[in-house]
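Colleague: Structure for this input, please:
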Amino acid sequence: MFRTLDIIALRHFINFLRNYFVVILYLYLCPELIS
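Modeller: Sure thing, here's the model as predicted:
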């Protein structure tokens, strides 16, 4: 039970980190789109 919750939380955390990294990389590579 607890192990399953850990795996689900870890998956959500990795998904969040990947989305955050993609956004940061996008803003870094395409700064002209912001301005």
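Colleague: Over stretch 21-35, what's the mean pLDDT, rounded is fine.
Modeller: The average pLDDT for stretch 21-35 rounds to 84.
Colleague: Just the CA atoms of that stretch, as CSV, please.
Modeller: Provided in CSV are the C-alpha atoms of stretch 21-35 (Å, rounded to 0.1, in the frame of the first residue of the first chain):
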residue,chain,number,x,y,z
PHE,A,21,12.3,21.6,-17.4
VAL,A,22,10.6,21.7,-20.8
VAL,A,23,9.2,25.2,-20.0
ILE,A,24,12.5,26.5,-18.8
LEU,A,25,14.3,25.1,-21.8
TYR,A,26,11.7,26.6,-24.1
LEU,A,27,12.0,30.0,-22.6
TYR,A,28,15.8,29.8,-22.7
LEU,A,29,15.9,28.8,-26.4
CYS,A,30,13.1,31.1,-27.6
PRO,A,31,13.5,34.4,-25.7
GLU,A,32,12.3,36.4,-28.7
LEU,A,33,8.8,34.9,-28.3
ILE,A,34,8.4,36.6,-25.0
SER,A,35,9.5,40.1,-26.0
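Colleague: So which bits of the host helix or strand of Phe21 are buried?
Modeller: Phe21 is part of helix 2-29, with elements assigned from DSSP states H and E. Of all the residues in helix 2-29, not one is buried under the rule 16 or more other Cβ atoms under 10 Å. In this view, the C-beta of every residue, glycine as well, is placed from N, C-alpha and C.
Colleague: Centre of the chain to stretch 14-27, how far?
Modeller: 4 Å (Cα atoms, centre = their mean, to the nearest Å).
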